[in-house]
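**Student:** dropping the sequence and predicted coords here.
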Amino acid sequence: MSRALVLAGGSILTMGPALRVEAVAVVDGLVVHAGTLADCRAAAGADREERDLGGRTLLPGFVDPHTHPLLLGQARAWTYVGPDAAPSIDALVAILAARATELPPGAPLRAYGYDHRRLAEGRHPTAADLDLAGGGREIYVMNASGHGGVMNSFGLAGHGITASTPDVSGGEIGRYTDGRPNGFLMDSACDLITGADGVKLRNHGPNFHLLEPAAVLAAQLTAAQDEFLRVGITSVVDAQASRREVETFFRARAAGALRLRVDMMVTSALLDEVLALGLHGRLGDDELAFAGIKLYADGTMGGATAWFPEGYASDAHNHGVRYHEPAELNDLIGRAHAAGLQTATHAQSPAAIGLVLDAVAAAQAHSPRPDARHCIEHCGLPTDEQIAAMARLGVVPVPQPQHGRSFGDGVIRSVGRDIGERYQPSGLFARAGLPVVLSSDAPVNPPHPLLAVQAAVERRTVAGTELGGEELRIDVLTALRGVTITAAWAAFRETRVGSLEPGKYADFAILAADPTRVPTGEIGAIAVGETWRDGRRIA
């Protein structure tokens, strides 16, 4: 039993019905009162500790409802080749060549973060490019989207990827004009590089689940948790869990090393196994839980594999990737829905979003569930009609405003200004009465809830481009709710986290300034000084 605690002396935003209070009282890791200092002292009792915020701001611990913790840790362990480090393919190759000299002979070299649209050459690297970094080892460079990347000739040969390798459903094997693989592997084609005993997703999603020894995975999870906690995030949803993630989380929990609250959305490649085990609903507790099923309708905007049947404005021959035929997607969502499971389906293009809405409508017609909270992850380019349909069906869009900030200019170039400026239109969601939920998709963008708030309010790219008009923006308080209580609601966590209300966990972040009282352009720079969980400081 921990000593009671009272916090006061700064701005306190509960994100509950009583937004601003003077103090918060905590007993045994739970909030017992939020209100006046006198009432909080009485609720905490005589044997209490009092902590002065010193003018700082107290908020609930942030909730990130779409992230990839192990992929984040993996990316941080790999060589970084993002736009600021490698503005050209030549620079990228030079970084790889330098890193190769530091590795043992034959050890694989893995890198992360290139964005082909921000490379000087305006294209993806090829196997031939990577070969210039040195031979005798596998070199794999993952695209910033996490949906695939490029492998060198040595790696392609080692995985048996040749001109005779057949194309794959839901993925793309890049080829030279003579049919030989050019190293580009996206979406479900990534199954080809996880090894004979590795995770296989088939046409159920991009496969970034490279197997590593348990100790390596544990270190990657530790690094990811450190990064989340530094920015005040205390609860996350792993938006694509395979056996790699499930096993790693369970080992961490058993070792007392799981510091985040984690919900796992298990890949739809395992739906049959989930249903066969009778997992017809949420299973677990407030520390680690199986929460539902993650599906894919199309590919990524970042890698230009989102599904546009009519072709991209920038490349009429590129139609992107559709993971499932409509009947198959209907079946997957329908079976998960009928079993009482929440679904979270990745969909970027209007065509892909339409497939998801049709599948949810069919599932609800067959097995009505009033509060299913099926989610569309990213929900990049919905039409006005589709936004209205989401409101009717109770579908929850889960966008990442930092994507617009980082990749918005590339989206406009890919699909055209009229559509591209509407990318992830949180303002339109709010005006339609939809919940406004914000997330990071880390490591595609860093987990940084305050920068997500700023990005959603400003809708301005790193190059200064305004993404649409005022109707697409949201206000600061709505955005803050999107990384706290509304994000918790989207994950069915709203009774336990997301606000500082009696009966909820004392998970909170202490900020250097109040995000509602600084200029919008300064919100992302507010420092998070402390992160607490269960009434104890953990970062």
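**Tutor:** Perfect, thanks for sending it.
**Student:** now residue 149: closest residue in space, sequence neighbours ignored.
**Tutor:** In this structure, residue 149 finds its nearest non-sequential neighbour in residue 142, 4.0 Å apart by CB to CB, 6 or more residues apart in numbering. All C-beta atoms are positioned from the backbone trio N, CA, C, and that covers glycine.
**Student:** and for the one you found, the neighbour number?
**Tutor:** If you count neighbours by other CB atoms under 10 Å, residue 142 ends up with 27.
**Student:** state the distance from the residue lying closest to residue 270 once chain neighbours are set aside to residue 140.
**Tutor:** Once flanking residues are discounted, residue 270 sits nearest to residue 242: 7.4 Å by CB to CB, 6+ apart. Per CB to CB, to the nearest Å, residue 242 is found 18 Å from residue 140.
**Student:** for stretch 259-276, buried residues please.
**Tutor:** Under the neighbour-count criterion of 16 or more other CB atoms under 10 Å, stretch 259-276 has 259-271, 274-275 buried.
**Student:** of all these, which two lie farthest apart?
**Tutor:** Across the buried residues of stretch 259-276, the longest distance by CB to CB is 31.5 Å; it joins 259 and 275.
**Student:** out of the buried residues of stretch 259-276, who's nearest residue 215?
**Tutor:** Checking the buried residues of stretch 259-276 against residue 215 with CB to CB, the nearest one is residue 259 at 17.9 Å.
**Student:** please name the nearest non-neighbouring residue to the closest one.
**Tutor:** Nearest non-adjacent residue to residue 259, counting by CB to CB, 6+ apart: residue 225, 5.1 Å away.
**Student:** before we move on, the earlier item: pretty sure the residue nearest to residue 270 contacts residue 201?
**Tutor:** Yes. In terms of CB atoms under 8 Å, residue 242 counts as a neighbour of residue 201; the distance is 7.2 Å.
**Student:** and for these two, which residues touch both?
**Tutor:** Residues touching both residue 242 and residue 201 (CB atoms under 8 Å, 6 or more residues apart in numbering): 209, 267, 269.
**Student:** contacts only, for the spatially most central residue of the chain.
**Tutor:** Central residue check for the chain by CA atoms, centre = their mean: the C-alpha nearest the mean position is that of residue 441, 2.0 Å away. Each residue near residue 441 by CB under 8 Å, 6+ apart is listed here: 66-68, 146, 239, 378, 400, 402-403.
**Student:** other residues contacting whichever helix or strand residue 351 is part of?
**Tutor:** Per DSSP states H and E: residue 351 is located in helix 350-366. The contact list for helix 350-366 (CB under 8 Å, 6+ apart) reads 297-298, 306-309, 322, 324, 326, 329-330, 332-334, 337-338, 343, 345, 347, 372, 374, 376, 379-383, 386, 389-390, 393, 395.
**Student:** could you dump that helix to PDB, C-alpha only?
**Tutor:** Below are the C-alpha coordinates for helix 350-366, written out as PDB (Å, rounded to 0.1, in the frame of the first residue of the first chain):
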ATOM      1  CA  PRO A 350     -11.400   6.500 -50.700                       C
ATOM      2  CA  ALA A 351     -11.800   3.200 -52.400                       C
ATOM      3  CA  ALA A 352     -10.300   1.300 -49.400                       C
ATOM      4  CA  ILE A 353     -12.300   3.300 -46.900                       C
ATOM      5  CA  GLY A 354     -15.400   2.400 -48.900                       C
ATOM      6  CA  LEU A 355     -14.600  -1.300 -48.600                       C
ATOM      7  CA  VAL A 356     -14.300  -1.100 -44.800                       C
ATOM      8  CA  LEU A 357     -17.600   0.800 -44.400                       C
ATOM      9  CA  ASP A 358     -19.400  -1.700 -46.600                       C
ATOM     10  CA  ALA A 359     -18.000  -4.600 -44.500                       C
ATOM     11  CA  VAL A 360     -19.000  -3.000 -41.200                       C
ATOM     12  CA  ALA A 361     -22.500  -2.200 -42.500                       C
ATOM     13  CA  ALA A 362     -22.900  -5.800 -43.600                       C
ATOM     14  CA  ALA A 363     -21.600  -7.100 -40.300                       C
ATOM     15  CA  GLN A 364     -24.000  -4.800 -38.300                       C
ATOM     16  CA  ALA A 365     -26.900  -5.800 -40.500                       C
ATOM     17  CA  HIS A 366     -26.200  -9.500 -39.900                       C
END
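**Student:** please identify the buried residues of that helix?
**Tutor:** Those buried within helix 350-366 under the rule 16+ other CB under 10 Å are 350-357, 359-364.
**Student:** rewinding a little: quick check: pLDDT value at the residue nearest to the centre of the chain.
**Tutor:** Listed pLDDT for residue 441 reads 98.
**Student:** can you tell me the element it falls in?
**Tutor:** Here residue 441 is assigned to no helix or strand, by DSSP H and E.
**Student:** which of the contacts of residue 441 scores worst on pLDDT?
**Tutor:** Lowest pLDDT among the contacts of residue 441: residue 146, with 94.
**Student:** would you confirm that residue 348 contacts residue 299?
**Tutor:** Yes. Contact criterion CB under 8 Å: residue 348 and residue 299 qualify, at 7.4 Å.
**Student:** any shared contact partners between the two?
**Tutor:** Both residue 348 and residue 299 are in contact with 306-307, where contact means CB under 8 Å, 6+ apart.
**Student:** and residue 50, how far is that from residue 4?
**Tutor:** For residue 50, the distance to residue 4 (CB to CB) stands at 10 Å.
**Student:** of the two, which one has the most company?
**Tutor:** Counted by other CB under 10 Å, residue 50 and residue 4 do not tie: residue 4 has more neighbours, with 21 against 16.
**Student:** which one of residue 242 and residue 140 is surrounded by more residues?
**Tutor:** More neighbours surround residue 242 than the other of residue 242 and residue 140, with 26 against 23 (other CB under 10 Å).
**Student:** just the element for the spatially closest residue to residue 174 that is not a sequence neighbour, please.
**Tutor:** The spatial neighbour of residue 174 that comes closest, neighbours along the chain excluded (CB to CB, 6+ apart), is residue 184 at 2.7 Å. Element membership for residue 184, per DSSP H and E: strand 181-187.
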